[in-house]
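Undergrad: Got a sequence here, can you build the structure:
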Amino acid sequence: MAEKSLTGHRNAVDRVLAAQGFAVDLPVIGRVRIPRPEQLAYYGALGALAAAEIIEWPVALVLAAGHWLIQDQHNRVAQEIGEALEEA
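TA: From the prediction side, this is the model:
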């Protein structure tokens, strides 16, 4: 019974991590993580606003960096929850 519970937790962890995006193996660069479509749209909108000079480039870079840091923290929290579930 404990093995079935562990397998269920592992499957849940895999689904959570898969929902965060996916990665592509590029020949020269290596493994590159591709953000989810809504994240790509966010970065694209920031770039478009900066290109149209609606916002300044430094502001766009700060907003993009802040967004990336928040997502990175969210990914770490999801991974820690997954590890805790595996140990339970």
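Undergrad: ok, which stretches of this protein are helices?
TA: In order along the chain, the chain carries the following helices (DSSP state H): 2-19, 37-51, 57-87.
Undergrad: which stretch in the ones you listed has the least confidence?
TA: When mean pLDDT is averaged over each of the helices of the chain, helix 2-19 scores lowest at a mean of 58.
Undergrad: what number of residues lie near residue 43?
TA: For residue 43, the neighbour count with other C-beta atoms under 10 Å is 15. C-beta: built from backbone N, CA, C; applies to glycine.
Undergrad: Ok, the one 5 residues further on next?
TA: For residue 48, the count of nearby residues is 12 (other C-beta under 10 Å).
Undergrad: quick one: it and residue 85, what's the gap?
TA: Separation of residue 48 from residue 85 (C-beta to C-beta, to the nearest Å) stands at 40 Å.
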